[in-house]
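K.L.:
Need a 3D model of the sequence below.
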Amino acid sequence: MAGTYAFASTEELSAAIKGGLDPSLEELAETLLDQAGLIIRRNVDVDDADQEMLDVCKMVNINMVKRAINADASGMYGVSQADAQMGPFQQSLHWANPSGDLYITPKELGWLGAGGDWVDSIPAKIEGYYGSNS
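P.N.:
Below is the predicted model:
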């Protein structure tokens with residue numbers, strides 16, 4: 001493992017990247033894997049005995065770091081929408097992660113069993129007469 005918190009190693013990250021991980025980025029990748037693992041652990045109570053949960057954490061850990069590394073490596077990575085117009089030459093790009101931040105997508109939070117909506121009921125305690133609450 002790549003540190004205290006990471007769920008994946010740099011070798012596993014490299015296997016998930018087309019063309020592999022650039023060797024010059026291995027130290028950065030190790031640090032990012034550890035930081036991303038900490039973010040996951042702060043959002044989810046990880047059961048180390050649940051192998052399926054650990055596999056999902058590993059997948060999310062790798063996805064988070066891939067997004068951060070690729071945001072810097074490619075001029076177009078992180079673009080969520082691109083618009084072009086031929087005459088008078090207009091182009092517009094909308095960036096999803098231009099600064100390469102580590103983040104968990106809402107879909108990944110769902111895979112981890114975190115986030116999402118929840119509903120609960122808190123009974124009101126009202127003293128005295130208030131219309132229907134008498």
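
K.L.:
name the element Gln91 belongs to?
P.N.:
In the assignment (DSSP states H and E), Gln91 maps to strand 90-95.

K.L.:
and that strand, average pLDDT?
P.N.:
For strand 90-95, mean pLDDT rounds to 65.

K.L.:
what residues does the longest helix along the chain touch?
P.N.:
Looking across the chain with DSSP state H, the single longest helix is helix 51-73. Helix 51-73 has contacts (CB atoms under 8 Å, 6 or more residues apart in numbering) with 6-8, 12-13, 16-17, 21-22, 25, 28-29, 32-33, 36-37, 39-40, 44, 46-48, 77-78, 97-105, 108, 111-112. The C-beta positions use only the backbone N, C-alpha and C, and glycine is treated the same way.

K.L.:
Filter those down to the buried ones.
P.N.:
Among those, those that count as buried by neighbour count (16 or more other CB atoms under 10 Å) are 6-8, 12-13, 16-17, 21, 25, 28-29, 32-33, 36-37, 39-40, 44, 46, 77-78, 97, 102, 104, 108, 111-112.

K.L.:
Kindly provide the whole-number mean pLDDT of stretch 105-113.
P.N.:
88.

K.L.:
Show me the contact partners of that stretch.
P.N.:
By CB under 8 Å, 6+ apart, stretch 105-113 touches 40, 43-44, 53, 56-57, 59-60, 63-64, 104, 115-116.
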